[in-house]
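[1] A structural model of the following input is requested.
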Amino acid sequence: MAAVTAEKVSLSGLPASGAIAWGSDGPQVTVFSDFHCGYCRLLHQALKEIGARVTERPISILGTRPISESVLCAGGDKAAAVDKAYGGTELNSKTCDTSGLDANERFAHDHGFDGTPVIVRADGAVIRGYRPKEFLLAWLKESAK
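    Sure, this is the predicted structure:
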């Protein structure tokens with residue numbers, strides 16, 4: 001397994017309009033993801049199994065901006081829209097303010113997030129790339145120390 005760097009970021013300047021919250025009351029994590037990324041799909045499942053509280057911030061690495069817009073603009077249950085997007089289900093396209101996605105992509109570019117997933121713990125620590133459930137559980141507990 002690759003070594004984890006000590007990189008940290010602050011997410012405080014990102015607008016809520018670019019985020020989709022899902023999950024339970026478990027450890028908090030933010031994920032920069034792409035809905036066509038296979039490792040993002042695996043991470044999504046692992047975080048569900050952990051019971052994490054996730055803030056999903058879509059970025060278009062693999063040309064998925066239209067899917068991200070559909071998820072962000074989905075009325076009602078956005079968490080269900082995330083599940084559908086990862087499952088390859090086409091979403092009904094609506095229009096809404098997508099400036100939050102622009103902010104996600106600027107942030108990702110400014111911080112060199114040129115691949116997905118990028119996982120950010122509540123204390124700002126960053127992991128680039130997929131990690132299995134057992135690793136994530138241990139890593140997420142570190143922020144509680």
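[2] how is Gly63 assigned, secondary-structure-wise?
    coil (DSSP: H, G, I helix; E, B strand; the rest coil).
[3] make sure it is actually in contact with His36.
    Yes - with the criterion set as CB atoms under 8 Å, Gly63 and His36 qualify as a contacting pair; they are 7.3 Å apart. Glycine gets a C-beta too; all of them are placed from N, C-alpha and C.
[4] the residue nearest the centre of the chain and Glu105, how far apart?
    Averaging the C-alpha coordinates of the chain gives a centre point, and the residue nearest to it by CA atoms, centre = their mean is Val31 (2.5 Å). Counting by CB to CB, to the nearest Å, the gap between Val31 and Glu105 amounts to 15 Å.
[5] do the same with Leu43
    Using CB to CB, Leu43 is found at 19 Å from Glu105.
[6] higher neighbour count, the two?
    Neighbour totals were compared for Leu43 and Glu105, and Leu43 leads with 25 against 20 (other CB atoms under 10 Å).
[7] so for that one, what's the pLDDT?
    The predicted structure scores Leu43 at 97 on the pLDDT scale.
[8] same deal with Leu91?
    The confidence metric pLDDT takes the value 88 at Leu91.
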